[in-house]
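Chemist: 3D, please:
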Amino acid sequence: TTSDPYAFVEFTDHTTAAQALQAMNKRMLLDKEMKVNWAIQPGTQQKVDTSKHFHIFVGDLSPEIDNKALKDAFAPFGEVSDAKVIRDPATLMSKGYGFCSFPKRDEAERAIEQMNGQWLGRRTIRTNWATRKPGMPGMPGGVPFEYNKPTVDEIMAQTSPDNTSVYIGGVPPGAT
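Modeler: This is a model prediction of the structure:
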């Protein structure tokens with residue numbers, strides 16, 4: 001498999017870099033959508049281990065619901081350690097379901113009970129305990145939940161206000 005080409009752009013100041021990031025993210029370049037984000041040093045991103053947390057399945061999601069909207073909807077019940085809308089890898093369109101994780105079981109239980117049948121976006125959602133996929137070789141007990149890429153908000157929180165480097169993914173070959 002080949003990975004998408006990428007580039008880094010260095011700006012003279014943070015304000016200009018932030019404006020460029022805002023203006024260029026998800027823009028089309030030679031029929032390919034660019035993914036623009038803050039450049040971060042490898043290893044500076046802190047990952048939360050949610051393997052021991054309590055995971056909720058959220059079904060019948062409206063197409064416009066993203067990770068942040070999902071997390072915000074479940075935040076009144078307690079600390080949401082992760083929220084992920086599952087997307088088709090080819091089209092990036094929502095598959096209509098996602099997962100929320102809570103460190104505390106009682107908060108997850110209340111979220112399941114009180115959010116089931118509630119409106120989120122343009123649809124009423126279904127909630128239940130998430131179940132793991134069947135086991136795979138070398139992974140007893142089932143595969144873990146999908147790897148969760150950080151949200152823009154998480155990256156922004158870890159980005160220095162002096163950052164002037166922007167990462168651009170999905171750059172088509174031959175772009176200059």
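Chemist: mind listing what the top strand by length along the chain pairs with, with the direction of each?
Modeler: Identified as the longest strand of the chain according to DSSP state E is strand 94-102. Here strand 94-102 has these sheet partners by DSSP bridges: strand 54-59 (antiparallel), strand 82-87 (antiparallel).
Chemist: For Gln19, which of those strands is the nearest?
Modeler: Of all these, it is strand 82-87 that lies closest to Gln19, at 27.1 Å by Cβ to Cβ. The way it works is simple: take the backbone N, C-alpha and C, and place the C-beta from them, glycine included.
Chemist: Let me know how buried Cys101 is, in neighbour terms.
Modeler: Slight slip there: residue 101 is Ser, not Cys. 24 (other Cβ atoms under 10 Å).
Chemist: what's the distance between it and Ile56?
Modeler: To Ile56, Ser101 is 7 Å away according to Cβ to Cβ, to the nearest Å.
Chemist: which neighbours do those two share?
Modeler: Counting by Cβ atoms under 8 Å, 6 or more residues apart in numbering, the contacts common to Ser101 and Ile56 are Ala108.
Chemist: so Ile65 sits in a helix?
Modeler: No: counting by DSSP: H, G, I helix; E, B strand; the rest coil, one finds Ile65 to be coil, located in no helix.
Chemist: Show the contacting residues for the residue lying closest to it once chain neighbours are set aside.
Modeler: Here the nearest residue to Ile65 in space, its sequence neighbours aside, is Gly121; by Cβ to Cβ, 6 or more residues apart in numbering that works out to 4.9 Å. Contact analysis of Gly121 by Cβ under 8 Å, 6+ apart lists 61-62, 64-65, 69.
Chemist: Show me which of those are buried.
Modeler: Among the contacts of Gly121, those classed as buried by 16 or more other Cβ atoms under 10 Å are 61, 65, 69.
Chemist: which of these lies closest to Asp13?
Modeler: For these, the nearest to Asp13 is Ala69 (31.7 Å; Cβ to Cβ).
Chemist: Double-check that closest one against Ile125; I have them as touching.
Modeler: No: Ala69 sits out of contact with Ile125 when judged by Cβ atoms under 8 Å, with a separation of 11.4 Å.
Chemist: Low-confidence regions, this protein specifically.
Modeler: Flagging of the chain using pLDDT under 70 yields the residue ranges 1-5, 40-47, 132-172, 175-176.
Chemist: residues near the closest residue to Val58 other than its chain neighbours, how many?
Modeler: Leaving aside its sequence neighbours, Val58 sits nearest to Gly98 (Cβ to Cβ, 6+ apart; 5.0 Å). For Gly98, the neighbour count with other Cβ under 10 Å is 24.
Chemist: got the CA positions of the helix or strand containing Ala111 in PDB?
Modeler: Ala111 is located in helix 105-115, with elements delineated by DSSP states H and E. Extracted C-alpha coordinates of helix 105-115, given in PDB (Å, rounded to 0.1, in the frame of the first residue of the first chain):
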ATOM      1  CA  ARG A 105     -19.600   2.500  34.900                       C
ATOM      2  CA  ASP A 106     -22.500   4.300  36.700                       C
ATOM      3  CA  GLU A 107     -22.100   7.300  34.300                       C
ATOM      4  CA  ALA A 108     -22.100   5.000  31.300                       C
ATOM      5  CA  GLU A 109     -25.200   3.300  32.600                       C
ATOM      6  CA  ARG A 110     -27.000   6.600  33.100                       C
ATOM      7  CA  ALA A 111     -26.000   7.700  29.600                       C
ATOM      8  CA  ILE A 112     -27.400   4.500  28.100                       C
ATOM      9  CA  GLU A 113     -30.700   4.800  30.000                       C
ATOM     10  CA  GLN A 114     -31.300   8.400  29.500                       C
ATOM     11  CA  MET A 115     -30.000   8.900  25.900                       C
END
